[in-house]
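J.: Predicted structure and sequence below. I'll ask about it afterward.
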Amino acid sequence: MRIDNLLSDDAVIAELGQRLAALRLARQITQAQLADAAGISKRTVERIEGGASTQLTNVIRYLRGLGAVGLLEGLLPPLAANPIDLLEGRGKRRQRARPSATEEPAAAWVWGEDK
């Protein structure tokens with residue numbers, strides 16, 4: 001199944017669980033062996049592969065137990081620097097998002113004799 005924006009969160013988690021289980025089986029590792037190598041419980045391995053919601057740290061430990069943490073690099077590769085920014089010497093990494101532009105409130109109207 002292809003993972004895209006049309007799938008529900010539960011469907012994405014279930015698909016990831018199936019893919020992780022297939023990866024484990026392709027490496028001829030039992031759930032118990034993986035749990036021991038990853039430092040998580042066998043029940044956590046079962047939950048991940050069964051498509052149950054879990055903490056991201058458990059998924060990272062699962063991948064570490066398989067020796068496959070590097071697969072996360074393909075999930076969100078680092079953004080390349082913008083060539084225009086490099087030319088202008090603005091190669092600094094962004095620290096925060098720019099706030100939306102807000103207009104200054106107009107000064108309160110005052111009667112001519114009140115000035």
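T.: On my side now, so go ahead.
J.: what's downstream of the lengthiest helix in the chain, the next helix or strand?
T.: Scanning the chain for the helix with the most residues, using DSSP state H, yields helix 9-26. Downstream of helix 9-26, the first helix or strand assigned by DSSP states H and E is helix 31-38.
J.: Pull out the CA atoms of that next one and give them to me as PDB.
T.: Extracted in PDB, the C-alpha atoms of helix 31-38 (Å, rounded to 0.1, in the frame of the first residue of the first chain):
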ATOM      1  CA  GLN A  31      10.300 -10.700  17.900                       C
ATOM      2  CA  ALA A  32      12.000 -11.900  21.200                       C
ATOM      3  CA  GLN A  33      15.500 -11.400  19.700                       C
ATOM      4  CA  LEU A  34      14.600  -7.900  18.400                       C
ATOM      5  CA  ALA A  35      13.100  -6.900  21.800                       C
ATOM      6  CA  ASP A  36      16.200  -8.000  23.600                       C
ATOM      7  CA  ALA A  37      18.500  -6.200  21.100                       C
ATOM      8  CA  ALA A  38      16.400  -3.100  21.100                       C
END
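J.: how close does the residue lying closest to Val69 once chain neighbours are set aside get to Leu71?
T.: Spatial nearest neighbour of Val69, excluding adjacent residues (C-beta to C-beta, 6 or more residues apart in numbering): Leu63 at 4.8 Å. For glycine as for every other residue, the C-beta is placed from the backbone atoms N, C-alpha and C. With distances taken as C-beta to C-beta, to the nearest Å, Leu63 is found 6 Å from Leu71.
J.: which parts of the strand or helix carrying Asn58 are buried?
T.: Using DSSP H and E, Asn58 maps to helix 56-66. Within helix 56-66, the residues scored as buried using 16 or more other C-beta atoms under 10 Å are Asn58, Val59, Arg61, Tyr62, Leu63, Gly65, Leu66.
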